[in-house]
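J.: All I have is the shape, not the residue letters:
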C-alpha cells in the first residue's frame, strides 16, 4: 500500500503566483516545504523570467505547448530548472498542464 495517494478529483485549482497560472497541490512535504503540483497555464499566458532560490524545479508536460527561449516544450517533455538559476520567460502557446515538483518551498524572485 502506498503511504500517500492524491486524486485530482478530490483537489481544487488555486490561483498561482502569476496571472493566468493555476496550481493544484497534490502533496506538500512537511519537513522540506517541497510541493508536487499540477500546474495550468492558460493559453497566451506569459510567466516572466524568474528564480526559485530555495528549490529545484522539474516540470513534466502532460498537455499543451510552451515556448521557453525559442525551445518548444510539448507533451512528454521534462523541464529542469536548478535552484537559484534564472529561467523563463514561459509563453503558453496553448493551455498547458504539467506535473511539477519543487524539492523545497515555492519561492520566486
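T.: On my side now, so go ahead. Just so it is clear, the model here is predicted, and its values are computed rather than measured.

J.: What is the end-to-end distance of stretch 96-109?
T.: Taking Cα to Cα, to the nearest Å as the measure, stretch 96-109 stretches 22 Å from start to finish.

J.: For it, give me every contacting residue.
T.: Applying Cβ atoms under 8 Å, 6 or more residues apart in numbering, the external contacts of stretch 96-109 come out as 17, 32-41, 50-66, 79, 83. C-beta: built from backbone N, CA, C; applies to glycine.

J.: now stretch 45-54
T.: 18-21, 33, 41, 81, 83-92, 102, 104-109.

J.: Buried ones only from those residues, please, as a PyMOL command.
T.: Here is the PyMOL command that selects the buried residues among these (16 or more other Cβ atoms under 10 Å):
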select buried, resi 20+21+41+81+87+90+91+92+102+104+106
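
J.: Residue 4 contacts residue 28, doesn't it?
T.: No. If you go by Cβ atoms under 8 Å, residue 4 and residue 28 don't touch, sitting 10.6 Å apart.

J.: Counting neighbours, go ahead and name the busier of the two.
T.: Shown here are residue 4 and residue 28; by other Cβ atoms under 10 Å, residue 28 has more neighbours (14 against 7).

J.: how near is the residue lying closest to that one once chain neighbours are set aside to residue 75?
T.: Taking Cβ to Cβ, 6 or more residues apart in numbering as the measure, residue 28 lies nearest to residue 35, with 5.5 Å between them; neighbours along the chain are not counted. Here residue 35 is placed at a distance of 22 Å from residue 75 (Cβ to Cβ, to the nearest Å).
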